[in-house]
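> Okay, sequence plus prediction incoming.
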Amino acid sequence: MVDRFLVAAVQMVSSDDVQANIESAKAGAREAATKGAQLVVLPEYFCLLSPRDDAKKEIAEDYGDGPIQTALAQLARETKLWLVGGTLPLKGNEIGKTDRVFNTQLVFSPDGEVVARYDKIHLFNFDNGAESYNESKSVVAGHEPRIAELPLGKVGLSTCYDLRFPELYRAMGEVDLIVVPAAFTETTGRAHWEPLLRARAIENQTYVLASAQGGEHPGARRTWGHSMLIDPWGEIITQMTFGPGVLVGEISGERLRSVRSSLPALKNRVL
């Protein structure tokens, strides 16, 4: 990895207006670029947060073709950023006949080319009597962990609910940065968001950059926000609270090597 580089998370409060959401994402990425970031992460479902499960299917695109993917590619070229395009719905046709979609994370180079794709593996399931979510009704799960090997360093890709499954991150091996686009609910986020993010940073001795939805969306859905960058010791470098905005922080190769050298937990693994 390069010894030092700046990363950014764009926090959003996405609605059911796709074009308005895309424009908000563009504004956030452009702000990140003006602040010197070299890599930017958008939140989960940056392009659409609707109370209707069918809404995902209605805007789902074929991989490599569609207005949302075109907008992301153009944005990467315009800003000259490595762009982790949050997630967007891609058609699940490639795995056989299904009307469900993939919840897909695409990584774009500054030339606007897709260099990595990750389909969310763990699908959110929650019901406390007052709130209920079952992502598998409209989404088909991915199966393989993915790493984006960028000139900046190795970036492990994960999405939202994945955060609760540490074995996914172990399967990535040693990476320089883990990204977590998310739309954590306010209920689960208030209780678990920060502890889970810090745990993933500590146990994998790596940086974690989480880009979240943070506010109230159509259908009275509330997301927790609190996008943040965490270092390999588990310390929060910078974070937000609620509402849209852009967070920028530094990744240090020296810090990464120092933590792994002083406490060689990754080398001391037995199982």
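Now that the structure is in, tell me what you want to look at.

> quick one: contacts of the lengthiest helix in the chain?
Across the chain, the longest stretch assigned as helix under DSSP state H is helix 18-34. For helix 18-34, contacts defined as Cβ atoms under 8 Å, 6 or more residues apart in numbering pick out 8, 10-12, 14-15, 40, 42, 46-48, 59, 68, 71, 75, 78-81, 83, 86, 244-246, 248. In this view, the C-beta of every residue, glycine as well, is placed from N, C-alpha and C.

> For the buried ones among those residues, write the corresponding ChimeraX selection.
Buried members of the contacts of helix 18-34, defined by 16 or more other Cβ atoms under 10 Å, are picked up in ChimeraX with:
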select :8,10,11,12,14,15,40,42,46,47,48,59,68,71,75,79,81,83,86,244,245,246,248
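
> tell me the average confidence for the longest helix of the chain?
For helix 18-34, the mean pLDDT works out to 98.

> Figure out how far that helix is from the centre of its chain.
Centroid displacement of helix 18-34 relative to its chain, using Cα atoms, centre = their mean, to the nearest Å, is 15 Å.

> Okay, buried residues for it please.
Quick answer for helix 18-34 (16+ other Cβ under 10 Å): 18, 21-22, 24-26, 28-33.

> JSON lines for these, including distance to residue 176?
As requested, the buried residues of helix 18-34 are exported to JSON lines (distance: Cβ to Cβ, whole Å):
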{"residue": "18", "distance to residue 176": "33"}
{"residue": "21", "distance to residue 176": "29"}
{"residue": "22", "distance to residue 176": "29"}
{"residue": "24", "distance to residue 176": "28"}
{"residue": "25", "distance to residue 176": "24"}
{"residue": "26", "distance to residue 176": "27"}
{"residue": "28", "distance to residue 176": "23"}
{"residue": "29", "distance to residue 176": "21"}
{"residue": "30", "distance to residue 176": "25"}
{"residue": "31", "distance to residue 176": "24"}
{"residue": "32", "distance to residue 176": "19"}
{"residue": "33", "distance to residue 176": "21"}
